[in-house]
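Visitor: sequence first, predicted coordinates after that:
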Amino acid sequence: MCKVHKQVENLLKKSGIKGEVFFSVPPNPEMGDLAYPCFDLAKSEKTNPAETAKNLAEKINGNLSKFVLVEKVVNYGPYVNFYFNTGEYARLILDDIVKKGKKFGLNKNGKNKKVLVEYPSNNTHKELHIGHLRNICLGNSLANLFEINGYNVVRVNYLNDFGAHVAKCLWGLLKFHNKEKPPKNRQKWLGEIYAEASRYLKDHPEAADEVAIMQQKMEAKDKSIWPLYLQTKQWSVEGFEKAFKDLKVVHKSVFYEKETKHVGQKMVDKLLKNKIAQVGEGGAIIADLTKYGLDIALLRKSNGAGLYLTSDLGLAVAKNKKYKATESIHLTSVEQNFYFKQLFKILELAGYKYKMTHIGYGLVTLPSGKMASREGNVILYEDLYKDVFERIYQETIKRHGDWSKKKIEETVKKISLGAIKFDILKHEAQKSIVFDPDGVISFDGFTGPYVIYTVARINSLLNKGKKCPLQKVDYGCLKNQEEKRLIKCLADYQTEAEKAFKNYNPSVIVKYCFDTAKAFNDFYTKVSVLKTDDEKIRCARLSLCLAVKIILQNSLNILSIDTVEEM
RNA sequence: GCCCCUAUAGUUUAAUGGAUAAAAUAUCAGGCUUCGAACCUGAGGAUGGGAGUUCGAUUCUCUCUGGGGGCACCA
């Protein structure tokens, strides 16, 4: 709870309110700055809420003389509303923010807890499309949210490097692109070959046998194919690493399916021995989860081969051995919601006790329908990035023809990535996105560039107003409505970050960034900062600007979005 | 067939069971001799249908309809 709420709570306690206090916000500023709803109180006193509020407001007004923060208390129907003294409100909120800077908002609630965040868990030899991008954006933000709450966060990746998709890709490579010189982006090239092979196989089912032979060769580490396998896997991994670097994903370690598969097979044997698993139809190994409402899970094929689930069990064993986390978070598309319920139940039955969390995010679809790598109707991360970059590049050279090429490119890169991340993260995770390629390219309104622009505007003010000492500021100079509204936004930061964290929902932060930036731009057009003759007022306003910058940057940091000095 | 998710302005998104359902975009009408107009101001425009619980429902329950996803040898 912030200092402001604490003070108001004390005031309520002095007036006889007991127990935990919950506040809400009045619908408009004319009705006050903070509200105490009297529904619960009225219920416990068995009275009418409006009357309770009226009596309470009168009582509080009698106790008000010693409180600097609260100037006035008025009841509106069943609510008791508090009006704050703007100067004191500013002092309570801004002092802390300006002093702590980047550290403002950090806490140690997660001390001694370790959380493993596994993402994006993509496949080698396939493309990196905007679905993966959504995964990465969510994973980054969730990991950051845990970090600001003091958790020890371990980011890991799990690469599926040994499935049928690899065989398909290698087969396609040899059949259609043998002797061809690979282009610069070899990871993307492989993904396109995979998609091409899949399309071909759909029309020519007779070729499936050739792919099956390829897979057998791979599994036998056949000399005719093994070096190519290793080489192409390397290309994929290198391509991913580059994209991860741009997107600010830093994995502590990477698990490979090739390695977890046999661990999983051992786990299946153990489950069989413990009677958690049993032999099912045709000799396959299953876990009967029907009494938990989770149907039957297939753990091993009748021919002895493993499946995804086999490897995932092995992965859990491996991760546990290495990290002993208190919580393990998995991010995948919603298609796997049911699958993860099964996986978690089996692990639970096998005696694993750490918290298991699966975040299923909605599919990213195109206006033309569902995307599938196999069909080739996807938007690749690289292509999307290039489009956005180009658009923002044009806009930037229009304004800053005098900048060096290096400065332009660095700035445009940050804005482009910010635009993309912001656009993807503004949707709640579980909802599907119909991806509008034009939407992400715009930079007006509820967009990343709008927020980044706001920070650049503030930078400009702070540079020009350097002479003001921001350490000893007379916050009493902040008096008007726009200033108060902005301070209120800043005061909300911690509550919003907490909400995002508790619900595993970064979109809360995205909206918060925008609301705060909007409040600033409104303030900016109505209140002049540098042009005020009174130095005390100028300094107080600059201090407010600095606090807004800090809060915006801290919020954007949670989303892994960089700001720029100028744009 | 069974199970899960989802439905809010033309479009994209908000709203711990609580005050007049909030924004963005698009449309229309305005604002730079002014600290950065990638900005700001104004107008019109929405809770899929039906029942129920409640003092009060966008929110909870049931049902119908539409959309998406999943359900044993794919990943």
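Guide: Alright, I've got the coordinates. Since we're looking at a predicted model, the values are computed, not measured.

Visitor: gap between the two ends of stretch A:244-262?
Guide: The first and last residues of stretch A:244-262 sit 28 Å apart, counting by C-alpha to C-alpha, to the nearest Å.

Visitor: might you enumerate the residues of the stretch 251-400 of chain A proximal to RNA strand B?
Guide: Proximity of the stretch 251-400 of chain A to RNA strand B, by C-beta under 7 Å from any atom of the strand, involves residues A:280-284, A:286, A:295-296, A:298, A:301-303, A:305, A:307-309, A:334-339, A:362-363, A:370, A:392, A:395-396, A:399. (Glycine included, C-beta is placed from N, CA and C.)

Visitor: for the stretch 251-400 of chain A, which spans come out with low pLDDT?
Guide: Low-confidence segments of the stretch 251-400 of chain A (pLDDT under 70): A:367-377.

Visitor: put the buried members of the residues of the stretch 251-400 of chain A next to RNA strand B into a ChimeraX selection.
Guide: Selection of the buried residues among these in ChimeraX, burial being defined by 16 or more other C-beta atoms under 10 Å:
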select /A:280,284,286,298,307,308,309,334,336,339,362,363,392,396
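
Visitor: in which helix or strand does A:Lys472 reside?
Guide: With secondary structure defined by DSSP states H and E, A:Lys472 is part of neither a helix nor a strand.

Visitor: could you check the pLDDT of the closest residue to RNA strand B within chain A?
Guide: At 2.0 Å from RNA strand B, A:Gly445 is the closest residue in chain A, using C-beta to the nearest atom of the strand. At A:Gly445, the pLDDT value in this model is 92.

Visitor: and A:Thr52, by the same measure?
Guide: 88.

Visitor: so who does it touch?
Guide: Listed by C-beta atoms under 8 Å, 6 or more residues apart in numbering, the contact set of A:Thr52 reads A:38, A:41-42, A:45, A:78.

Visitor: and A:Phe389, by the same measure?
Guide: Contacts of A:Phe389 (C-beta under 8 Å, 6+ apart): A:412-413, A:416.

Visitor: restricted to buried residues, select those residues in PyMOL.
Guide: Here is the PyMOL command that selects the buried residues among the contacts of A:Phe389 (16+ other C-beta under 10 Å):
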select buried, chain A and resi 412+413+416
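
Visitor: got JSON lines for the contacts of A:Phe389, with distance to RNA strand B and secondary structure too?
Guide: As requested, the contacts of A:Phe389 are arranged in JSON lines below (distance: C-beta to the nearest atom of the strand, whole Å; DSSP: H, G, I helix; E, B strand; the rest coil):
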{"residue": "A:Val412", "distance to RNA strand B": "8", "secondary structure": "helix"}
{"residue": "A:Lys413", "distance to RNA strand B": "12", "secondary structure": "helix"}
{"residue": "A:Ser416", "distance to RNA strand B": "9", "secondary structure": "helix"}
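
Visitor: that's a helix at the residue of chain A closest to RNA strand B, yeah?
Guide: No: read with DSSP: H, G, I helix; E, B strand; the rest coil, A:Gly445 is coil and lies in no helix.

Visitor: against A:Ala456, how distant is A:Asp562?
Guide: Distance, A:Asp562 to A:Ala456, by C-beta to C-beta, to the nearest Å: 12 Å.

Visitor: returning to that earlier point: now, the residues of the stretch 251-400 of chain A next to RNA strand B that are in helices?
Guide: Counting by DSSP state H, these place A:308-309, A:337-339, A:392, A:395-396, A:399 in helices.

Visitor: in chain A, which spans are strands?
Guide: Using DSSP state E, the strands of chain A run over A:34-37, A:70-76, A:79-84, A:114-118, A:152-159, A:253-256, A:278-279, A:285-288, A:296-300, A:327-333, A:355-361, A:364-366, A:369-370, A:433-434.

Visitor: contacts only, for A:Lys233.
Guide: Counting by C-beta under 8 Å, 6+ apart, A:Lys233 makes contact with A:124-125, A:161, A:166.

Visitor: ok, now A:Lys499?
Guide: A:Lys499 makes contacts with A:505, A:508, as judged by C-beta under 8 Å, 6+ apart.

Visitor: if you set the cut-off to 7 Å instead, what comes out?
Guide: A:Val508 (C-beta atoms under 7 Å, 6 or more residues apart in numbering).

Visitor: please apply the same query to A:Glu259.
Guide: A:Glu259 neighbours (C-beta under 7 Å, 6+ apart): none.

Visitor: for A:Ser141, see how far away it is.
Guide: To A:Ser141, A:Glu259 is 29 Å away according to C-beta to C-beta.

Visitor: could you do A:Lys233 as well?
Guide: Separation of A:Lys233 from A:Ser141 (C-beta to C-beta): 29 Å.

Visitor: give me the number of residues near A:Phe244?
Guide: Neighbour count of A:Phe244, defined by other C-beta atoms under 10 Å: 17.

Visitor: ok, A:Lys549 touching A:Arg457?
Guide: No: counting by C-beta atoms under 7 Å, A:Lys549 sits too far from A:Arg457 to count as a contact (9.5 Å).

Visitor: ok, A:Leu289 touching A:Gln342?
Guide: Yes: counting by C-beta under 7 Å, A:Leu289 does reach A:Gln342; the two are 6.1 Å apart.

Visitor: more neighbours, these two?
Guide: With neighbours defined as other C-beta under 10 Å, A:Leu289 and A:Gln342 compare such that A:Gln342 has more, 21 against 17.

Visitor: that one and A:Gly304, how far apart?
Guide: Per C-beta to C-beta, A:Gln342 is found 21 Å from A:Gly304.

Visitor: now A:Leu228
Guide: Counting by C-beta to C-beta, the gap from A:Leu228 to A:Gly304 is 26 Å.

Visitor: so which residues on the stretch 1-150 of chain A come close to RNA strand B?
Guide: Contacts of the stretch 1-150 of chain A with RNA strand B, taken as C-beta under 7 Å from any atom of the strand, map to A:22, A:24-28, A:31-32, A:35, A:37, A:39, A:43, A:49, A:76-79, A:81, A:123.
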